[in-house]
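Trainee: Give me coordinates for this.
(chains A and B)
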Amino acid sequence: MAERYDVLIVGAGPAGLAAARAAAAAGARVGLLDAQAHAGGQVWRRDVDYRATGLARRRLAFVQAHPGVDWLASSTVMAAAGGKLLVEDPHAARWLDYGALVLATGAHELLLPFPGWTLPGVTGAGGLQALAKQGWPLAGRRVVVAGSGPLLLAAAASIRRHGGHVVGIHEQAGYDDLRDFVRGLWRWPGKVLQAAALRARLAGVPYHGSSVVVAAHGDDRLREIEVEGPRGRRRLFCDQLAVGYGLVPEVRLASLLGCRLDAAGAHHQVWVDDAQRTSLANVYAAGETCGIGGRDCAVAEGAIAGHAAAGRPPSAALRRRRHHTRAFAAHLARHFALDERVRRLPQPDTLVCRCEDVSMKALDGHSDARAAKLATRSGMGSCQGRICGSALAALGRFPSGGHRPPLFPARLDTLGDTDFT
Amino acid sequence: MSGQVQLIIDGETFRVKAGISVAAALAAAGRPFRRSPNGQARAPLCGMGVCFECRVRIDGVAQQRACMVPVREGMTVDSDG
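Mentor: Got it, this is the predicted structure:
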């Protein structure tokens, strides 16, 4: 028989942790699972060198101490059927049953192809931040941070804190957009404080707008990059390039369940009402999976979802906070829109599917992602099209498609008794 | 969070900081990750278990994402590089 939780929460970042706290405080028996070994998600990812502080520390401590919360580490949802989830951990697989489900699956970074992006030493921006927090050696390494969005500042600050020498930050958005973004920030005083703190931690690091990394060069690893800015092209020596173009909502589980999705630019986000209910009964969603809104938004939405999933009406104050933080998301999206230059970066021989080594030109003549996949193996590798699928959607090549189980590569014994028809 | 663990990477013994990821241990040891179908050297890209570029064999089990697994005392890691 499947184990049953009153409230089962998928994803233990700020949204999932807030949901767990709210639901447990309301007396629900809560299951909180995450694919990572430690709770915290990406924003509050455990750091091997620095202890968690502030809200992150309090939320992580609450989940660990509360008898009503089962923390299920290193657990991945592979499939869903009959109102239950098939969950695999390093030892076994099992079905979990629930009264209410909260999807707090977060987002992944938008990683876009350009010549040389497959070289060892090229990572995402949030990607290198995550690696650094897990002990990736950065001491004395020259690091260029590039791409788009406020995450670049947070990533650069983490990289510096872990001993990396941040050579510069290259933001693709133009100076007009950056100026308007900063001018509009007064409506979110918390963000102004965050931005000021990051600036202080990044003192002396040059920040370039309208600046795009067009190529990476090296033999067996990254040696130098080419950057194109308002004053032309130049070459920079570096050991690491941390380049990411913002975040993409992670909607695969919601899609598999049949939740209504809305378009979010070239990607999708989960539709929710003002109590974080999805289009499916007893299924809630909160945080980045509902659209990129940042940590404060995730915390507010997670709390609303946790209350609602436990049968308690969310307070008016929480709803106001959600509304306010969602408005910041719109402000962000408006000023960090992807520049056309970035879409033109991949050349015909640039690999787009890194799992199967499929080039851009190999996709020519195929009408959609499925046709291309059948003919070229593009998107057929272990990442299941997570990287190339999001990239091709952002490049305007193929729309991002439907999702089939298993959601991640699974062990055979996990799938043994599963009927996917 | 102090202390070290010992692990065997591609047959060689290394001591690394306890609690770090296998990906970080490989980087600290200067060891490669996977090779692509065309034979190109690859290394971690996303850092969060999505891209699968960091996969290695851990304790005999293939296709493990090095960024998702913390090091353990006595662990054996094999890259295909």
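
Trainee: Which residues are in contact with the residue of chain B found nearest chain A?
Mentor: Checking chain B residue by residue against chain A with Cβ to the nearest Cβ singles out B:I20 as nearest, at 2.9 Å. (C-beta placed from N, C-alpha, C; glycine too.) B:I20 makes contact with A:V48, A:Q134, A:G135, B:A28, B:P70, B:V71, according to Cβ atoms under 8 Å, 6 or more residues apart in numbering or on different chains.

Trainee: A:D368 too?
Mentor: Contacts of A:D368 were listed using Cβ under 8 Å, 6+ apart, and they are A:F398, A:P399, A:G401.

Trainee: Could you report the separation of it from chain B?
Mentor: Computed with Cβ to the nearest Cβ, to the nearest Å, the distance linking A:D368 and chain B is 22 Å.

Trainee: What of A:R199?
Mentor: A:R199 sits 24 Å away from chain B, taking Cβ to the nearest Cβ as the criterion.

Trainee: Assign that residue to helix, strand or coil.
Mentor: In terms of secondary structure, A:R199 is helix; the call rests on DSSP: H, G, I helix; E, B strand; the rest coil.

Trainee: Point out where the chain drops to low pLDDT.
Mentor: Since you didn't name a chain, this refers to chain A. Using pLDDT under 70 as the threshold, the predicted model of chain A has low-confidence ranges A:1, A:417-421.

Trainee: think we crossed wires, I meant chain B
Mentor: For chain B, the stretches with pLDDT under 70 are B:1-2, B:81.

Trainee: now the strands for it?
Mentor: Secondary structure of chain B (DSSP state E): strands located at B:4-9, B:12-17, B:55-58, B:61-65, B:76-78.

Trainee: Rebuild these as CSV, extending it with mean neighbour count and distance to chain A.
Mentor: As requested, these are arranged in CSV below (neighbours: other Cβ atoms under 10 Å in any protein chain shown; distance: least, Cβ to the nearest Cβ, whole Å):
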stretch, mean neighbour count, distance to chain A
strand B:4-9, 17, 12
strand B:12-17, 15, 6
strand B:55-58, 22, 7
strand B:61-65, 15, 7
strand B:76-78, 17, 14
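
Trainee: Number of residues surrounding A:R326?
Mentor: Other residues near A:R326 number 18, with proximity taken as other Cβ atoms under 10 Å in any protein chain shown.

Trainee: helices or strands next to the helix or strand containing it in the packing?
Mentor: Under DSSP states H and E, the secondary-structure element containing A:R326 is helix A:316-335. Applying 3 or more Cβ pairs under 8 Å, 6 or more residues apart in numbering or on different chains; DSSP states H and E, one finds that helix A:316-335 contacts helix A:175-183, helix A:295-309.

Trainee: dump the residue contacts of the residue nearest to A:P14 when sequence neighbours are not counted.
Mentor: In space, not counting the residues next to it along the chain, A:P14 is nearest to A:A298; the distance is 4.2 Å by Cβ to Cβ, 6 or more residues apart in numbering or on different chains. Contact partners of A:A298, counting by Cβ under 8 Å, 6+ apart, are A:G13, A:P14, A:A15, A:A18, A:V43, A:A104, A:G106, A:A286, A:G287, A:E288.

Trainee: host element of the fifth one?
Mentor: Right, A:V43. Counting by DSSP H and E, A:V43 is held by no secondary-structure element, helix or strand.

Trainee: any idea how far the nearest residue to it once chain neighbours are set aside lies from A:L247?
Mentor: With Cβ to Cβ, 6+ apart as the criterion, A:V43 has its nearest non-adjacent residue at 4.9 Å, and that residue is A:R295. As judged by Cβ to Cβ, to the nearest Å, A:R295 and A:L247 stand 12 Å apart.

Trainee: Kindly report the residues of the stretch 101-250 of chain A close to chain B.
Mentor: On the criterion Cβ under 8 Å from any Cβ of the partner chain, chain B has as its neighbours in the stretch 101-250 of chain A the residues A:108-109, A:111, A:118, A:120-124, A:126-131, A:134-137, A:220-221.

Trainee: repeat that with 10 Å
Mentor: Within the stretch 101-250 of chain A, the positions near chain B by Cβ under 10 Å from any Cβ of the partner chain are A:106-109, A:111, A:117-138, A:219-222, A:242, A:244, A:248, A:250.

Trainee: now, of the helices and strands packed on helix A:316-335, which is deepest in the fold?
Mentor: Scoring the helices and strands packed on helix A:316-335 by mean neighbour count under mean count of other Cβ atoms under 10 Å in any protein chain shown gives helix A:295-309 as the most buried, with a mean of 28.

Trainee: quick one: it to helix A:316-335, angle?
Mentor: Direction vectors for helix A:295-309 and helix A:316-335, defined by axes from the mean of the first three to the mean of the last three Cα atoms, to 10 degrees, enclose an angle of 140 degrees.

Trainee: which residues does the residue in chain B sticking out farthest from the centre contact?
Mentor: Within chain B, the residue lying farthest from the chain centre (Cα atoms, centre = their mean) is B:N38, at 21.0 Å. If you count contacts by Cβ atoms under 10 Å, 6 or more residues apart in numbering or on different chains, B:N38 has them with A:T118, A:L351, A:E356, A:D357.

Trainee: out of those, which one sits closest to B:Q4?
Mentor: In terms of Cβ to Cβ, no member of those lies closer to B:Q4 than A:T118, at 32.7 Å.

Trainee: can you count the residues close to the closest one?
Mentor: Close neighbours of A:T118, defined as other Cβ under 10 Å, add up to 20.

Trainee: So what's the residue count around A:G121?
Mentor: Residue crowding around A:G121 was assessed by other Cβ under 10 Å; the count is 21.

Trainee: again, but for A:A195
Mentor: A:A195 is flanked by 16 other residues according to other Cβ under 10 Å.

Trainee: Equivalent analysis for A:H91, please.
Mentor: Other residues within reach of A:H91 by the criterion other Cβ under 10 Å amount to 6.

Trainee: Kindly provide the distance from it to B:V61.
Mentor: Applying Cβ to Cβ, one obtains 12 Å for the distance of A:H91 from B:V61.

Trainee: just A:L86 next, same as before
Mentor: Between A:L86 and B:V61 the computed distance is 20 Å (Cβ to Cβ).

Trainee: ok, so of the contacts of A:D368, who is nearest B:F52?
Mentor: Proximity of the contacts of A:D368 to B:F52 was ranked by Cβ to Cβ; the top entry is A:G401 with 18.7 Å.

Trainee: Please report how far the residue lying closest to the closest one once chain neighbours are set aside lies from A:L256.
Mentor: Nearest residue to A:G401 in three dimensions, chain neighbours excluded: A:A369, at 5.1 Å (Cβ to Cβ, 6+ apart). Distance of A:A369 to A:L256, given as Cβ to Cβ: 17 Å.

Trainee: just A:I387 next, same as before
Mentor: 19 Å.

Trainee: higher neighbour count, those two?
Mentor: Regarding A:I387 and A:L256, a neighbour count based on other Cβ under 10 Å identifies A:I387 as having more, with 28 against 20.

Trainee: ok but that one is inside a strand, no?
Mentor: No. Inclusion of A:I387 in a strand is not indicated when three-state DSSP is applied; the result is helix.

Trainee: Does it touch A:A393 like I think?
Mentor: No. With contact defined as Cβ atoms under 10 Å, A:I387 and A:A393 do not form a contacting pair (11.3 Å).

Trainee: Find residues that contact each of the two.
Mentor: A:L110.

Trainee: count of residues packed around the residue lying closest to A:G244 once chain neighbours are set aside?
Mentor: Sequence neighbours aside, A:A125 is the residue nearest to A:G244 in space, at 3.7 Å (criterion: Cβ to Cβ, 6+ apart). Burial of A:A125, expressed as a neighbour count using other Cβ under 10 Å, amounts to 30.
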